[in-house]
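# next one to model:
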Amino acid sequence: MTTKIAPPIERVSKKSSAGFEVDKIREDFPILRERVHGKKLVYLDNAATAQKPQVVIDALTHYYEHQNANIHRGVYRLSEIATAAYENTRRTVKNFLNAASEKEIIFVNGATEGINLVAQSYGRKYVQAGDEIVLSTMEHHSNLVPWQMLCEMTGARLRIIPLNEKGELIHDEYERLLNEKTKLVAIVHISNSLGTINPIKKMIAQAHVRSIPVLIDGAQAAPHQRVDVQELDCDFYAFSAHKVFGPTGIGVLYGKESLLEKIPPYQGGGDMIKSVTLEKTTYNDLPYRFEAGTPNISGVIGMGKALEYVQGLGYDNIAAHENTLLHYATERLASIKSLRLIGTAKEKAPVISFVLDGIHPHDVGTILDRQGIAIRTGHHCTQPVMARFDIPATSRASFAFYNTREEIDALVEGIHGVIKLMA
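A predicted model of the protein is given here:
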């Protein structure tokens, strides 16, 4: 029997010359046809995870049906096919980020692991007692806790950029924090709980004046805007595939080749070595020295298809549509008298957090769910942000290119229902 190795058929949405044909795009996402509690699903939790187009689902199925084998190890046909598909995604990611080399693309299980890799590899080598790491108040816990752990290990300390009332970084304070003790700046590109887009290119340049490397948490940026790591000149950039319409459990850490060559591996195991004796190990070349063990092969392949899909839609088209949704939703929600918006930065991604007077966000989320509306409630893994605004939690609606004005209308109608029910 001949092994079937043809790639899955890609289904890419048609676009009109004027921009998105959202109804056509929605057809690519089978879950959007689901009904919840008998209601049409209105999915507005894209900052937590985005839904998957059929082309990604097909790629995962195709791998397990026709390509399943371990990579980099086998000389047989299936292994060669799987290896080629895996490494093709590395090229896709290189182009997606405009990295200088495929050696700068490390596959990790998500942005969280990418940040931990830098904390443990770069941090173990370069951070000592008395050194400082600069973060901001708006960081996701995944870009806060690893640095707290490193400081506990080394005796270094964190310095924190504060927020103003709009949820923007106070830039003068950032400049004051940078000094000869600063060994790294780790900053979020876009806040997951506020939607604030940080001026990271400017911040990177200011750090580089003092030869301070910069890590960017790009988990929320990659789904919404083009990322060019060479233009930004960042030293590290991390993102997760599942927020860019790909599978869960896979992501990317970009690192400048010159820096990656200088830091030790994060984990030991198979495939990250050149040779091993009982006395000594010689590590593999980049990027493989940072990819120990059997990787998430299907996830990597699925991620590649997701990135190709997004690039096929075009980030200019995505941004135009999502900005329209953001402005429309902001206007409609701001008109509700008992609703307070949390995060009103001038530069924002399509994320809106809010609180309702006298109503806990968990109640808001539970009641909306009965209408088929999925939003996020809680602290969004940004408890310092909640403390800054003196609130325990918010309700958050976050939009993607497949969302519509009609879904925003449903959200607004649902919130009016919550207020009426809880009054």
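# list the buried residues for stretch 357-376?
359, 361, 364-365, 367-369, 371-376 (16 or more other CB atoms under 10 Å). All C-beta spots, glycine's among them, are computed from the backbone N, C-alpha and C.
# typo on my end, it should be stretch 259-277
For stretch 259-277, by 16+ other CB under 10 Å, it's Leu259, Leu260, Ile263, Pro265, Tyr266, Asp271, Met272, Ile273.
# of the residues you listed, which belong to strands?
Ile273 (DSSP state E).
# so which of the buried residues of stretch 259-277 comes closest to Pro146?
Tyr266 (11.4 Å; CB to CB).
# can you give me the helices for the stretch 201-350 of the chain?
Using DSSP state H, counting those that start in this stretch, the helices of the stretch 201-350 of the chain run over residues 229-232, 257-260, 297-313, 315-334.
# by how many degrees do the third one and helix 315-334 diverge?
Angular relation of helix 297-313 and helix 315-334 on a 0 to 180 degree scale: 90 degrees, by axes from the mean of the first three to the mean of the last three CA atoms, to 10 degrees.
# can you name the residues that contact Glu257?
Contacts for Glu257 (CB atoms under 8 Å, 6 or more residues apart in numbering) come out as Ala100, Ser101, Lys103, Glu104, Leu286.
# who wins for neighbours among these?
For these, the largest neighbour count, defined by other CB atoms under 10 Å, is 26 neighbours, found at Glu104.
# how about it, what does it touch?
Going by CB under 8 Å, 6+ apart, Glu104 touches Lys94, Tyr254, Gly255, Lys256, Glu257, Leu260, Leu286, Pro287.
# again with Gly343
Gly343 makes contact with Lys166, Gly167, Ser191, Ser193, Leu194, Gly195, Thr196, Val351, Ile352, Ser353, according to CB under 8 Å, 6+ apart.
# so the last one bridges to which residues?
To tie it back to what came earlier, the one meant is Ser353. Ile342, Arg396 (DSSP bridges).
# burial check on it, number of neighbours?
Ser353: 32 neighbours (other CB under 10 Å).
# and what of the first one?
As a burial measure, the neighbour count of Lys166 was computed by other CB under 10 Å and equals 14.
# now swap in the second one and tell me
Each residue near Gly167 was counted by other CB under 10 Å, and the total is 23.
# how much space between it and Ala82?
Separation of Gly167 from Ala82 (CB to CB, to the nearest Å) stands at 44 Å.
# and for the last one?
When distance is defined by CB to CB, Ser353 is 42 Å away from Ala82.
# looking at the contacts of Glu257, spot the one nearest Tyr402.
Glu104 (31.0 Å).
# circling back to that earlier point, farthest-apart pair in the buried residues of stretch 357-376, please.
It's Ile359 and Gly372 that sit farthest apart of these, by CB to CB, at 19.6 Å.
# circling back: among the contacts of Gly343, the buried ones, what's the ChimeraX command?
Burial among the contacts of Gly343 is assessed by 16+ other CB under 10 Å; the matching ChimeraX selection reads:
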select :167,191,193,194,195,196,351,352,353
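# can you redo the contacts of Gly343 as a markdown table with pLDDT, secondary structure and distance to His141?
Shown next, in a markdown table, are those (pLDDT from 0 to 100; DSSP: H, G, I helix; E, B strand; the rest coil; distance: CB to CB, whole Å):
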| residue | pLDDT | secondary structure | distance to His141 |
| --- | --- | --- | --- |
| Lys166 | 98 | coil | 22 |
| Gly167 | 98 | coil | 17 |
| Ser191 | 98 | coil | 13 |
| Ser193 | 98 | coil | 11 |
| Leu194 | 98 | coil | 15 |
| Gly195 | 98 | coil | 18 |
| Thr196 | 98 | strand | 17 |
| Val351 | 98 | strand | 17 |
| Ile352 | 98 | strand | 21 |
| Ser353 | 98 | strand | 16 |
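# export only the CA atoms of stretch 412-422, formatted as PDB.
The C-alpha trace of stretch 412-422 is given here as PDB (Å, rounded to 0.1, in the frame of the first residue of the first chain):
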ATOM      1  CA  VAL A 412     -24.700  45.200  24.600                       C
ATOM      2  CA  GLU A 413     -28.200  43.700  24.700                       C
ATOM      3  CA  GLY A 414     -26.900  41.000  27.000                       C
ATOM      4  CA  ILE A 415     -25.400  43.500  29.400                       C
ATOM      5  CA  HIS A 416     -28.600  45.500  29.600                       C
ATOM      6  CA  GLY A 417     -30.300  42.100  30.500                       C
ATOM      7  CA  VAL A 418     -27.700  41.600  33.200                       C
ATOM      8  CA  ILE A 419     -28.300  45.000  34.700                       C
ATOM      9  CA  LYS A 420     -32.100  44.500  34.600                       C
ATOM     10  CA  LEU A 421     -31.800  41.000  36.200                       C
ATOM     11  CA  MET A 422     -29.400  42.100  39.000                       C
END
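# from the middle of its chain, how far away would that stretch be?
31 Å (CA atoms, centre = their mean, to the nearest Å).
# tell me the one of the contacts of Glu104 nearest Ser335?
Tyr254 (41.5 Å).
# any idea how far the closest one is from His379?
Taken as CB to CB, the span from Tyr254 to His379 is 28 Å.
# compile the buried residues of stretch 357-376 into a markdown table and extend it with columns for distance to Ser395.
Output for these, formatted as a markdown table (distance: CB to CB, whole Å):
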| residue | distance to Ser395 |
| --- | --- |
| Ile359 | 9 |
| Pro361 | 4 |
| Val364 | 5 |
| Gly365 | 6 |
| Ile367 | 11 |
| Leu368 | 8 |
| Asp369 | 12 |
| Gln371 | 14 |
| Gly372 | 16 |
| Ile373 | 11 |
| Ala374 | 12 |
| Ile375 | 6 |
| Arg376 | 7 |
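# what sits against the residue nearest the centre of the chain?
With distances taken as CA atoms, centre = their mean, Ala219 lies nearest the centre of the chain, 1.7 Å away. By CB under 8 Å, 6+ apart, the contact set of Ala219 is Gly110, Ala111, His140, Ser142, Val188, Asn192, Ala238, Phe239, Ser240, Lys243.
# could you rerun that using 7 Å?
Going by CB atoms under 7 Å, 6 or more residues apart in numbering, Ala219 touches Ala111, Phe239, Ser240, Lys243.
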